[in-house]
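Student: no sequence on this one, just coordinates:
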């Protein structure tokens, strides 16, 4: 049994606005509500009488539910692990980009006919991206002894910096060199959507959108593979240069992967080499070049 509150009464509004403080759970996932609901003045209400948190984990499905100061206090005072909104919400941003691509690459009829397949492929990609984000988030938090929100912000900053540098670097490439990187945009798309309209990508998708997608894809790949410190350790004037070199080495890795896929060897051996190339090929090539 429970108590029914109607939210058009003062008592009901108070009960709704404080429910997250009163319910004990393994994880608290706010997916709506008002910004700054938990702030530095009321964060202690999230703690039980013994000082432990009502939930040991907060995953911010809603933007700005917890203020930056309250995040830090909850971590310092009660050891609450908080997955910041910028990490927890990336799936929504990525899905929006796929919606835009679908509108440009498929007709309404084509989309509706293939909707189930496209949705399933988008969900699979989102799970993959979420896994990459979570692995880097928890790895760097443990490695550098930082709170999760700090690492989450560092990841976002590193990806944005790398993406900006790559966008600049792409402008210096010839059209032929840019065409060789179009496979990155192809790989970013759900397979069914790519099959439907990638042959018409040049006529339907603005060139700047393609460049931005390639830059964003490569930036994320760099950060998730190499870590945030690889990006932040580079001076601004070196980041664009390194990003351009990374692009060139990524092209070589793509060629090696395509060649390897045609090679006559056991699938087990081939897959092991493919994973190694995909995991560290460009970074290893960069290191060798500077030796």
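Tutor: It's in. Keep in mind it's a predicted model, so treat the numbers as computed, not measured.
Student: For this protein, which segments count as strands?
Tutor: 27-28, 57-59, 81-83 (DSSP state E).
Student: need the contact list for the closest residue to residue 132 other than its chain neighbours.
Tutor: Sequence neighbours aside, residue 224 is the residue nearest to residue 132 in space, at 4.5 Å (criterion: C-beta to C-beta, 6 or more residues apart in numbering). All C-beta atoms are positioned from the backbone trio N, CA, C, and that covers glycine. Taking C-beta atoms under 8 Å, 6 or more residues apart in numbering as the criterion, residue 224 is in contact with 132, 133, 135, 136.
Student: re the thing from before, mean neighbour count, the strands of the chain: which tops it?
Tutor: Comparing these by mean neighbour count (mean count of other C-beta atoms under 10 Å), strand 81-83 ranks first with a mean of 22.
Student: can you list the residues that contact it?
Tutor: The contact list for strand 81-83, computed with C-beta under 8 Å, 6+ apart, reads 56-60, 66, 71, 74-75, 134, 137, 147-149, 152.
Student: Now the buried members of the residues you listed.
Tutor: 58, 59, 60, 66, 71, 74, 75, 137, 147, 148, 149, 152 (16 or more other C-beta atoms under 10 Å).
Student: wouldn't residue 20 be in contact with residue 31 here?
Tutor: No: with contacts counted by C-beta atoms under 8 Å, residue 20 stays clear of residue 31, the gap being 11.6 Å.
Student: returning to that earlier point: next, format the strands of the chain as TSV and append mean pLDDT.
Tutor: As requested, the strands of the chain are exported to TSV (pLDDT from 0 to 100):
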stretch	mean pLDDT
strand 27-28	94
strand 57-59	95
strand 81-83	95
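Student: For residue 205, find the nearest of these.
Tutor: Counting by C-beta to C-beta, residue 205 lies closest to strand 81-83 out of the strands of the chain; the figure is 32.7 Å.
Student: What strands flank that closest one, and is each parallel or antiparallel?
Tutor: Here strand 81-83 is paired, per DSSP bridges, with strand 57-59 (parallel).
Student: Name the residues that touch the partner strand?
Tutor: Taking contacts as C-beta under 8 Å, 6+ apart, the residues outside strand 57-59 that touch it are 26, 27, 28, 29, 30, 66, 74, 80, 81, 82, 83, 88.
Student: can you tell me which of these lies nearest to residue 2?
Tutor: Using C-beta to C-beta, those come closest to residue 2 at residue 28, 18.8 Å.
Student: Ignoring the adjacent residues along the chain, who's closest to the closest one?
Tutor: residue 55 (3.8 Å).
Student: Quick one: residues contacting the closest residue to residue 25 other than its chain neighbours.
Tutor: Spatial nearest neighbour of residue 25, excluding adjacent residues (C-beta to C-beta, 6+ apart): residue 55 at 4.9 Å. By C-beta under 8 Å, 6+ apart, the residues touching residue 55 are 24, 25, 26, 27, 28, 46, 80.
Student: and these as TSV, adding distance to residue 99?
Tutor: Below are the contacts of residue 55 laid out as TSV (distance: C-beta to C-beta, whole Å):
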residue	distance to residue 99
24	38
25	32
26	33
27	28
28	29
46	35
80	34
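Student: Filter the residues you listed down to the buried ones.
Tutor: Buried members of the contacts of residue 55, counted by 16+ other C-beta under 10 Å: 28, 46, 80.
Student: check contacts around the nearest residue to the second one once chain neighbours are set aside.
Tutor: For residue 46, the nearest residue in space outside its immediate sequence neighbours is residue 21; the separation is 5.3 Å by C-beta to C-beta, 6+ apart. Applying C-beta under 8 Å, 6+ apart, we find residue 21 in contact with 45, 46, 54.
Student: Now flag whichever of those residues is closest to residue 206.
Tutor: The closest of those, once distances to residue 206 are taken by C-beta to C-beta, is residue 46, at 45.9 Å.
Student: roughly how far apart are the closest one and residue 129?
Tutor: According to C-beta to C-beta, to the nearest Å, residue 46 and residue 129 sit 29 Å apart.
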